[in-house]
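Participant: Predicted model and sequence follow; I will ask about them next.
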Amino acid sequence: MTRILAIAGSPSHPSRTYGILEYATKLLQQEGLDIDIISVRDLPAEDLIFGRYDSPALIQPKALLEKADGVIIATPIYKAAYTGVLKAFLDLLPQKSLTGKVVLPIATGGTIAHLLAIEYALKPILSELGARHILATVYAVDKQIQRQADDSIQLDEELEQRLQDVLKEFVKAVKPSAVVSPELAHAN
């Protein structure tokens, strides 16, 4: 079975970033992918801040990452960079832990002006961790993601289409023999 690890890098919950990550993972589950979600905000802050590579709390996330065929990393952009809590987590991962994995970065921000933060801030660390197959980034401006009364999210049409398009690529990359479901196949 194809395994995916989705990493939520938002320091708050609920968040638009977590909402778009959940939305993406639901679509991928319909494709028969086995998905685990971890939220770095739930890891012990002391372990992240003090760089405790041997933290017992990191055993499960590291094991999930090792087994994963693909990784989705979702983060809000603050002050033109991905979150500090995500950086602290990535710093504690084993060297080259993304080698051989398909990586899909997803980012949210208050303005389109932060779009390039992924190219200049996040992608270099993903490459340092061994990622060589990094798909096109999905960047969403906050106003494209509306939180509903039940804490679900509603994506605007353009964002939903871009997300579905990149998820089709993701499925084909992690599961080359897959036949994409009609939900994603009709997303043109």
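Facilitator: Looks like it arrived, so ask away. As the structure is a prediction and not an experimental result, all values here were calculated from the model.
Participant: Could you work out the end-to-end span of stretch 87-97 for me?
Facilitator: End-to-end span of stretch 87-97 (C-alpha to C-alpha, to the nearest Å): 15 Å.
Participant: what do you get for stretch 87-100?
Facilitator: Terminal-residue distance, stretch 87-100 (C-alpha to C-alpha): 21 Å.
Participant: Tell me the buried residues in it?
Facilitator: The neighbour-count check on stretch 87-100 (16 or more other C-beta atoms under 10 Å) flags K87, A88, F89, L90, L92, L93, S97, L98 as buried. Placement of C-beta: from N, CA and C, glycine included.
Participant: which of these sit farthest apart?
Facilitator: Using C-beta to C-beta, the buried residues of stretch 87-100 span at most 16.7 Å, a distance reached by A88 and L98.
Participant: Specify which member of the buried residues of stretch 87-100 is nearest to T137.
Facilitator: Using C-beta to C-beta, those come closest to T137 at L98, 15.2 Å.
Participant: Dihedrals phi and psi, that closest one?
Facilitator: With angles defined as degrees, to the nearest 10, L98 sits at phi -100, psi 10.
Participant: isn't L86 right next to T75, touching?
Facilitator: Yes - the criterion here is C-beta atoms under 8 Å, and L86 meets it with T75 at 5.1 Å.
Participant: Same drill for those two, tell me which one is more crowded.
Facilitator: Neighbour count, other C-beta atoms under 10 Å: between L86 and T75, T75 has more, with 28 against 24.
Participant: The more buried one falls within a strand, correct?
Facilitator: Yes - counting by DSSP: H, G, I helix; E, B strand; the rest coil, T75 is found in a strand.
Participant: re earlier: now go through the buried residues of stretch 87-100 and say which are in helices.
Facilitator: Among those, the ones falling in helices (DSSP state H) are K87, A88, F89, L90.
Participant: Distance of the last one relative to L167?
Facilitator: To tie it back to what came earlier, the one meant is L90. Distance check for L90 against L167: by C-beta to C-beta, to the nearest Å, it reads 23 Å.
Participant: Quick check: closest non-adjacent residue to L27.
Facilitator: Leaving aside its sequence neighbours, L27 sits nearest to L167 (C-beta to C-beta, 6 or more residues apart in numbering; 5.6 Å).
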